[in-house]
Structures are given as structure tokens and as C-alpha cells.
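Participant: Attaching a predicted model along with its sequence, questions to come.
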Amino acid sequence: MSQYWFFQLSAFSECPLVPIAFMLHERKFQRMHSDFCDSISKFLSVSAKSRPLHVCTDGESGCSNALQQTFPNWIILNCWNHIIRDVECWLKKHGAGKEEITVYKSQVRSLLGAETAEEYAGFLQMFGKKIPGVFQEYFTHFPGVLQRFLRALCVFFFAA
């Protein structure tokens, strides 16, 4: 497992992300993530620690908890690839076929890629009518995974 920290070079039109720190670990203990966050915190200014910076993680609870405790003003987002993988794993576990998995992953990608609040709401309304009970169960039993990410994504893109 690994944890990465990136810096976005906004001076360039492409706004590339450059890693500034990462952690490799074998276990998902929150203490490991807390130690890592504490180490990073020592190098950050008070301003950087207190600003609402956006951090993308793999959704691991130990990592998210450690970030929230160390940097309470930061906005934690989940990696899209991990969300899609989690959706696929859950669907397979609950007997969805290949075609269903393709459709649902496409729908989640559309939600994640919405460029406006209106587009997001439209996708959600359109897909909500088509999502069968077994997939709606995913949203019921795992509200923190996708819904938390989507809410944070909306705050990030649509709050301005």
C-alpha cells in the first residue's frame, strides 16, 4: 500500500500534479498514517495547514481519519480509480453480470465527470430511475464511500 502527497503547479496551463511525499506501508493501521501526517505537518506553514486544501486518497479509513485529525480544514476526496474498482468489486460480489458492471461503472464515471451542478443532478436523476435494487444497496450500505466523495466533489467544483 502507499500514500502520496502531490503539489499542483498552477503556473503552467496544464496544472500538472507533482508528488511531494509518499508513504509505503504493509498494514492499514491509522497510526501509520497519523505518523506520516505528523511528519508532513512539520514541514508545512500554518497557512497550508489551516487552508481548505484538497487531498485525494484511496478512501482507506485510516488514512482519511489521520488526515482529518491532523488537518481538519482539508477536504478529503477519494480517488476515482479506487471508487470505480470498489463499485466493480461490490457488483461482482453481489452477482452482477459483465454487462451490468459495464453500465454501472459508466454511470458512476458520468457522475464523477459532471462539469456543473445541473449536469450532476441530471445524471443522478436519470440514473436513479435505472439503478436496480441490488446496486442501490451499495449506496445504502456504503454511503461514506461514493456519496461522501461526490458531496466533496460538488463542494470543490460548485461552491464558487
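Facilitator: That came through, no problem.
Participant: just how off-centre is the host helix or strand of Cys63 within its chain?
Facilitator: Per DSSP states H and E: Cys63 is located in helix 61-70. The chain centre lies 13 Å from the centre of helix 61-70; the measure is C-alpha atoms, centre = their mean, to the nearest Å.
Participant: List the contacts of Cys37.
Facilitator: Ala66, Leu67, Gln69, Thr70, Phe71 (C-beta atoms under 8 Å, 6 or more residues apart in numbering). All C-beta atoms are positioned from the backbone trio N, CA, C, and that covers glycine.
Participant: which residues touch the residue lying closest to the first one once chain neighbours are set aside?
Facilitator: Using C-beta to C-beta, 6 or more residues apart in numbering and skipping residues adjacent in sequence, the residue nearest Ala66 is His33, 3.6 Å away. His33 makes contact with Gln3, Met23, Glu60, Gly62, Cys63, Asn65, Ala66, Leu67 under the criterion C-beta under 8 Å, 6+ apart.
Participant: Quick check: the farthest pair among those?
Facilitator: Comparing every pair within the contacts of His33 by C-beta to C-beta identifies Met23 and Asn65 as the most remote, at 14.9 Å.
Participant: as a whole number, average confidence for the strand or helix carrying Val55?
Facilitator: Element membership of Val55, judged by DSSP H and E, is strand 54-57. The average pLDDT within strand 54-57 is 80.
Participant: So the protein: which segments form each domain?
Facilitator: Listed by automatic domain parsing, the domain ranges of the chain are 2-78, 80-158.
Participant: Go through these and find the least confident stretch.
Facilitator: Across the domains of the chain, domain 80-158 gives the lowest mean pLDDT, at a mean of 72.
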